[in-house]
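Asker: Sharing a model prediction with you, sequence too.
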Amino acid sequence: MNDDGRSDISLRVNDVTHGLNVDNRTTLLDALRDALDLTGSKKGCDRGQCGACTVLLDGRRVVSCLTLAVAAEGTEITTVEGLAPDGELRPLQRAFIQLDGFQCGYCTSGQLCSAVGMLAEHAAGWPSAATVDVSADASAQELDAVEVRERMSGNLCRCGAYPSIVRAVLETADQQAVTR
């Protein structure tokens, strides 16, 4: 940190390292959008309540509007732009398209990043508030619509595309289970 309240940081975003000089109060969202021109993550509420700015830090979901850019240094950041390397859509992205998991599209980037993160959480055996049995010897919770709704509850869609989003996540989870 410099005496002027600024810091030189290095952010690794979508497998590319970027050197930035930022005000220490700069959010990750603002650094991504304004400094790196990665505008896929949206500024919805700017209070961490809508999920439109969700990105992945080391594979875990975070709302980038509440994360300081200086705190993200040393992590691997994945934005919606990084979900489809070389333009090859992930099965989740294809399911969103096929099942109409978006309408206006504003929340879609956050929904996609959140869904990628939550599918990884579920695969790792992490429980949610809807998980029935959280005991150490419990068998893996099947991913159903109730689980998906709970796990995705931090991402709002003002258009109401929730049924299609849930179907897209479940279809993707089913495809991943078959390939394991």
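Answerer: Cool, got the structure.
Asker: so is the residue minimising distance to the centre of the chain in a helix, a strand, or just coil?
Answerer: Centroid check for the chain by CA atoms, centre = their mean gives Cys113 as the closest residue, at 2.7 Å. Under DSSP: H, G, I helix; E, B strand; the rest coil, Cys113 falls in the helix class.
Asker: neighbours around the closest residue to it other than its chain neighbours, how many?
Answerer: Counting by CB to CB, 6 or more residues apart in numbering, the nearest residue to Cys113 once its immediate chain neighbours are dropped is Thr54, at 4.6 Å. The C-beta positions use only the backbone N, C-alpha and C, and glycine is treated the same way. Using other CB atoms under 10 Å, Thr54 has 30 neighbouring residues.
Asker: Break the chain down into its structural domains.
Answerer: Split into domains by automatic domain parsing, the chain comes to 6-81, 85-179.
Asker: pLDDT of the longest one, averaged?
Answerer: In this model, domain 85-179 has a mean pLDDT of 92.
Asker: can you check the shortest one too?
Answerer: Averaging pLDDT along domain 6-81 yields 97.
Asker: Report the buried residues of stretch 118-126.
Answerer: Neighbour-count burial for stretch 118-126 flags Met118, Leu119, Glu121, His122 (criterion: 16 or more other CB atoms under 10 Å).
Asker: does the residue nearest to Thr75 when sequence neighbours are not counted have beta-bridge partners, and which?
Answerer: For Thr75, ignoring the flanking residues on the chain, the nearest one in space by CB to CB, 6+ apart is Leu57 at 4.6 Å. Under DSSP bridges, the beta-bridge partners of Leu57 are Arg60, Ile77.
Asker: What is the neighbour count of Leu57?
Answerer: Leu57: 18 surrounding residues under other CB under 10 Å.
Asker: and if you look at Arg33?
Answerer: Residues near Arg33, counting by other CB under 10 Å, number 19.
Asker: SS state for it?
Answerer: Three-state call for Arg33 (three-state DSSP): helix.
Asker: pretty sure it contacts Thr27?
Answerer: No - at 9.4 Å, Arg33 does not count as touching Thr27 under the criterion of CB atoms under 8 Å.
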